[in-house]
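Novice: just the structure for this:
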Amino acid sequence: MAKKLIKKVKLMVPAGKATPAPPLGPTLGQAGVNIGDFVNKFNAATKDMVGTTVRVALSVYEDRSYDFVVKGAPMSELIKKTAGIEKGSGKNITSKAGKLTKAQVKQIAEQKMADLTANDIEAAMKIVEGQARSMGVEIV
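Specialist: Have a look, this model is predicted:
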């Protein structure tokens, strides 16, 4: 018989650097998850992605066991890293934060293809371009 799911939690955690300190520890504690066990398993699973923030989908079951799925970095993180900027522009129409080439946009779209609802790479590139424009990043 399948375990009964009692809670689903979505988290954003630095890859390979999870600690029981806030904000992660209290969130896991409220969900009834063994914090130390999760931190060790998560850090082991994401040790090759250190330096990026990843999204995690955590499913907690009735017997306090859990499963987690690492979803990869958010698109905004990939755009900032590729463009070499600290943060996006607060006024995306009047001031630009950085620039991306079409080749860089295609590279980001290929990375995010599994998480997007796009059917092909061109549609995924349009989604990435829209996110970049909203952050004040110019596409050249």
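Novice: I'd like the next helix or strand past the biggest helix by length in the chain.
Specialist: Using DSSP state H to define each element, the chain has its longest helix at helix 121-134. Toward the C-terminal end, the helix or strand that comes next after helix 121-134 (DSSP states H and E) is strand 137-139.
Novice: what's the mean pLDDT across that following strand?
Specialist: The pLDDT scores in strand 137-139 average 89.
Novice: next, the angle from the helix or strand hosting residue 79 to helix 121-134.
Specialist: Element membership for residue 79, per DSSP H and E: helix 75-83. When axes from the mean of the first three to the mean of the last three C-alpha atoms, to 10 degrees is applied, the directions of helix 75-83 and helix 121-134 differ by 80 degrees.
Novice: quick check: buried residues in the helix or strand following helix 75-83?
Specialist: Stepping forward along the backbone from helix 75-83, the first helix or strand reached (DSSP H and E) is strand 98-100. Burial within strand 98-100, assessed by neighbour count using 16 or more other C-beta atoms under 10 Å, is assigned to 98, 100. The C-beta positions use only the backbone N, C-alpha and C, and glycine is treated the same way.
Novice: outline the domain layout of the chain.
Specialist: With domains defined by automatic domain parsing, the chain comprises 5-72, 75-139.
Novice: ok so residue 11 is a strand residue?
Specialist: Yes. Residue 11 forms part of a strand when assessed by DSSP: H, G, I helix; E, B strand; the rest coil.
Novice: quick check: bridge partners of the closest residue to it other than its chain neighbours?
Specialist: Nearest in space to residue 11, with sequence neighbours left out and distances taken as C-beta to C-beta, 6 or more residues apart in numbering, is residue 56 at 4.5 Å. Each beta-bridge partner of residue 56 is listed here: residue 11, residue 70, as defined by DSSP bridges.
Novice: buried set for stretch 7-25?
Specialist: Across stretch 7-25, burial judged by 16+ other C-beta under 10 Å covers 9, 11, 13-16, 18, 24-25.
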